[in-house]
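Undergrad: the following comprises the amino acid sequence and a computationally predicted model.
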Amino acid sequence: MTALGDTSSQTDAATPGIPDPHRGLSARALRAGYAARTIIGGLDLAIPARGITALIGPNACGKSTLLGTLARLLPVQGGSVLLDGDAIHSLPTRDVARRLGILPQSPVAPEGITVAELVTRGRHPHRRFGVRTPDDDEIVAQALLRTGVADLATRAVDTLSGGQRQRVWIAMALAQQTPLLLLDEPTSALDVAHQIEVLDLLADLDAAGTTVVVVLHDLAHAARYASTVIAMKDGAVVAVGPPRAVITAELVAEVFGVRARVIADPDTGAPLVLVRGRHDS
């Protein structure tokens, strides 16, 4: 079947959907899952070297499994994940941590740890013999400022609101100073204002040169913030491309099983999905 909005028939190696083994993050014939259960089978994918890539799809379609396997949080059952041409699961942990940051769903901070202490942990992969340097302190201070949590530095993380905690975790990832940042549903359980705060921060990171891969449930957010959208269903990639090519009424029906009208956002021109219920004509 030809995937809706699929760009994989093009021959440019830098095109999303075609693995480039020499740069960035890609998967070849990837099989992954949990224990004996396979969620993803035979998947080929390349993450664009710049921009924000959004993974979309229904619950249990394999988005988090794919992200976790790309980040080496989960083992591969077959095939490989390549980071700049190297099999990521065979690389030293410190090497991976210097090149790729990951923010999983619902991360848990040690009880009583302060914001500054947690963000400082992002510097661990770069320290020699565990020695903390003035450069480390400056990088942590900048990460706190960029995420708007510098005034919370002495607060315990477990006393913060959901939006504040999410920004603190992103600050830790920033302190890690990796060219790649993967985030699994960073806006889940946040109110609208905090969701936009987090997404605007990701846009700032993108503008500064960080490659961002993010799992999102809100199609409007994916359409507005992502430069590339990867739509998944049943552990497979259905479509890859820019939001206008991927987020269509046909794809929403195929992937999510709902009727929708897709119009252009009057402010940005990005796809705007208007979902129809059973009683809508």
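TA: That came through, no problem.
Undergrad: which regions of the stretch 1-150 of the chain lie under the pLDDT threshold?
TA: 1-23, 129-130 (pLDDT under 70).
Undergrad: repeat that with 90
TA: Counting by pLDDT under 90, the stretch 1-150 of the chain has low-confidence residues at 1-24, 35-36, 49-50, 94, 98, 104-108, 124-134, 146-148.
Undergrad: what's around residue 215, how many residues?
TA: 23 (other CB atoms under 10 Å). No exception for glycine: its C-beta is placed from N, CA and C like everyone else's.
Undergrad: just checking, it touches residue 61?
TA: No. Between residue 215 and residue 61 there is no contact under CB atoms under 8 Å: 10.4 Å.
Undergrad: may I have the phi/psi pair for residue 59?
TA: Main-chain dihedrals, residue 59, degrees, to the nearest 10: phi -60, psi 140.
Undergrad: quick one: it and residue 71, what's the gap?
TA: For residue 59, the distance to residue 71 (CB to CB, to the nearest Å) stands at 20 Å.
Undergrad: who has more neighbours, the two?
TA: Between residue 59 and residue 71, counted using other CB under 10 Å, residue 71 has the larger neighbour count: 24 against 7.
Undergrad: enumerate every residue touching the more buried one.
TA: 100, 102, 182 (CB atoms under 8 Å, 6 or more residues apart in numbering).
Undergrad: now these in TSV, please, with extra columns for neighbour count and secondary structure.
TA: As requested, the contacts of residue 71 are exported to TSV (neighbours: other CB atoms under 10 Å; DSSP: H, G, I helix; E, B strand; the rest coil):
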residue	neighbour count	secondary structure
100	24	strand
102	22	strand
182	26	strand
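Undergrad: tabulate those (TSV), appending distance to residue 266.
TA: Shown next, in TSV, are these (distance: CB to CB, whole Å):
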residue	distance to residue 266
100	37
102	36
182	32
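Undergrad: closest to residue 87 among these?
TA: The shortest gap between residue 87 and any of the contacts of residue 71 belongs to residue 100, at 13.5 Å (CB to CB).
Undergrad: skipping adjacent residues, who's closest to the closest one in space?
TA: Nearest residue to residue 100, sequence neighbours excluded (CB to CB, 6 or more residues apart in numbering): residue 180, at 4.5 Å.
Undergrad: mind listing the residues bridging to the one you found?
TA: residue 100, residue 211 (DSSP bridges).
Undergrad: pretty sure it sits against residue 96.
TA: No. Checked against CB under 8 Å, the pair residue 180 and residue 96 is beyond contact range at 9.9 Å.
Undergrad: how many residues are close by residue 110?
TA: Residues lying near residue 110 (other CB under 10 Å) number 10.
Undergrad: ok, residue 258 to residue 275 distance?
TA: Taking CB to CB as the measure, residue 258 falls 6 Å from residue 275.
Undergrad: which residues do those two both contact?
TA: Common neighbours of residue 258 and residue 275, using CB under 8 Å, 6+ apart, are residue 252.
Undergrad: for the stretch 1-150 of the chain, what spans make up the strands?
TA: Under the criterion DSSP state E, counting those that start in this stretch, the stretch 1-150 of the chain contains strands at 25-34, 37-46, 52-56, 76-83, 86-87, 100-103.
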